[in-house]
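Enquirer: Quick one: sequence and predicted model below, then my questions.
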Amino acid sequence: MRARSPITEPLWVQGLLMATGLGFMAVLVLLPMASVFVEAFRKGWDAYAEALTTPQAYSAIRLTLLVALIAVPLNVVFGLAASWAIAKFDFVGKHLLITFIDLPFSVSPVISGLIYVLLFGSNSLLGQWLSDHNIEIVFAVPGLVIATIFVTFPFVARELIPLMEEQGTEEEEAAVMLGAGGWRTFCSVTLPNIKWGLLYGVLLCNARAMGEFGAVSVVSGHIRGKTNTIPLHVEILYNEYNFVGAFAVASILTALALVTLILKSLIEYKFASELRAKNKE
């Protein structure tokens with residue numbers, strides 16, 4: 001039996017479906033986001049500004065930006081290299097590489113952080129050697145960066161792999177036959193074709209890097225002014241019953257989420273417009 005199109009349903013059914021979807025969206029997304037800003041400004045602008053200008057808050061913001069500035073570019077390099085290899089070539093271990101890329105999606109961030117503590121901690125096999133050479137990884141910035149890289153590295157690759165596979169290799173092969181080298185082929189042919197997918201992947205990677213809690217919580221040690229990122233600082237403030245401060249700092253991540261959604265919509269619109277223009281040609 002042939003399925004009916006949803007547009008053939010009565011108006012009341014369409015309205016019920018739309019109301020259900022919007023209702024879930026309002027309860028699960030819009031109300032929590034609005035409550036963050038309501039609680040953040042509950043005692044006025046002065047209390048809000050004071051919460052964001054404390055030395056601990058400044059340190060958390062600066063550290064979060066630092067970790068993201070290191071982790072995201074490294075994941076972009078890895079994502080581009082992995083996507084290029086998987087989509088354009090056949091090689092032994094290809095499916096294993098894809099499995100490794102998806103691994104952070106199936107492993108709890110807390111478990112991944114614990115793994116790095118067991119690997120680089122003071123009681124690990126490498127712990128004594130790291131201590132003898134004055135190298136700090138766990139409970140220091142390098143540990144935060146490593147943990148963040150692990151939980152975020154699938155995002156860029158997972159956006160680019162299907163896009164590159166769909167585009168095929170014809171344009172790259174034509175460029176090579178015309179005398180273009182590998183780097184010029186990538187910059188002139190491949191990169192323009194994947195620019196929107198790459199920007200989308202970078203956007204998601206950055207949002208996850210700045211909002212990551214589980215993995216960095218394990219490897220950070222919760223040292224105020226040194227290893228606390230924004231999510232960890234929010235937790236400490238909330239546990240201390242400083243609700244205005246906690247929601248004020250949390251509003252930074254909420255604003256980041258809103259900006260991410262807006263940019264995501266713009267990127268999807270640009271990509272769809274460019275795709276329609278190509279199909280018309």
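Expert: Structure's in. What do you need?

Enquirer: which residue is nearest the centroid of the protein?
Expert: residue 205 (2.5 Å; CA atoms, centre = their mean).

Enquirer: so what pLDDT did that one get?
Expert: Confidence at residue 205, expressed as pLDDT, is 91.

Enquirer: next one: stretch 198-206 to chain centre, how far?
Expert: Averaged C-alpha coordinates place stretch 198-206 at 7 Å from its chain's average position (CA atoms, centre = their mean, to the nearest Å).

Enquirer: Just the residues contacting it, thanks.
Expert: Applying CB atoms under 8 Å, 6 or more residues apart in numbering, the contact partners of stretch 198-206 are 68, 71-72, 75-76, 79-80, 152-153, 155-160, 191, 260, 263-264, 267-268, 271. For the C-beta atoms, the positions are set from N, CA and C on the backbone; glycine is no exception.

Enquirer: What's the PyMOL syntax to select whichever of the residues you listed are buried?
Expert: Burial among the contacts of stretch 198-206 is assessed by 16 or more other CB atoms under 10 Å; the matching PyMOL selection reads:
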select buried, resi 68+71+72+75+76+79+80+152+153+155+156+157+158+159+160+260+267+271
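
Enquirer: ok, now how distant is the residue nearest to the centre of the chain from residue 189?
Expert: 24 Å (CB to CB, to the nearest Å).

Enquirer: before we move on, back to that, name the nearest residue to the residue nearest to the centre of the chain, sequence neighbours excluded.
Expert: Using CB to CB, 6 or more residues apart in numbering and skipping the chain neighbours, the partner closest in space to residue 205 is residue 155 (4.1 Å).

Enquirer: Next up, the contacts around the residue nearest to residue 121 when sequence neighbours are not counted.
Expert: Distances taken as CB to CB, 6+ apart place residue 138 nearest to residue 121, at 5.0 Å, with adjacent residues excluded. In this structure, residue 138 makes contact with 116, 117, 120, 121, 122, 219, 221, judged by CB under 8 Å, 6+ apart.

Enquirer: is it possible to export the residues you listed to a markdown table including neighbour count and distance to residue 247?
Expert: Shown next, in a markdown table, are those (neighbours: other CB atoms under 10 Å; distance: CB to CB, whole Å):
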| residue | neighbour count | distance to residue 247 |
| --- | --- | --- |
| 116 | 21 | 30 |
| 117 | 20 | 30 |
| 120 | 22 | 34 |
| 121 | 18 | 34 |
| 122 | 12 | 36 |
| 219 | 26 | 26 |
| 221 | 15 | 25 |
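
Enquirer: ok, of the residues you listed, which one's closest to residue 24?
Expert: residue 219 (35.0 Å; CB to CB).

Enquirer: That closest one reaches residue 119, doesn't it?
Expert: No. Using CB atoms under 8 Å, residue 219 is not in contact with residue 119; the gap is 10.2 Å.

Enquirer: overlap in contacts of those two?
Expert: Counting by CB under 8 Å, 6+ apart, residue 219 and residue 119 have no shared contacts at all.

Enquirer: Now the element after the helix or strand containing the residue nearest to residue 205, going C-ward?
Expert: In this structure, residue 155 sits in helix 154-167 according to DSSP states H and E. The helix or strand immediately downstream of helix 154-167 is helix 170-177, counting by DSSP H and E.

Enquirer: packing partners for that following helix?
Expert: Packing contacts for helix 170-177, counted by 3 or more CB pairs under 8 Å, 6 or more residues apart in numbering; DSSP states H and E, involve helix 182-185.

Enquirer: Pull the distance from the helix or strand that comes right after the helix it packs on to the chain's centre.
Expert: Where DSSP H and E defines the elements, the next helix or strand beyond helix 182-185 is helix 191-211. Taking CA atoms, centre = their mean, one finds the center of helix 191-211 at 8 Å from the center of the full chain.

Enquirer: per the record, what domains does the protein have?
Expert: Domain assignment for the chain by automatic domain parsing gives 1-40, 44-275.
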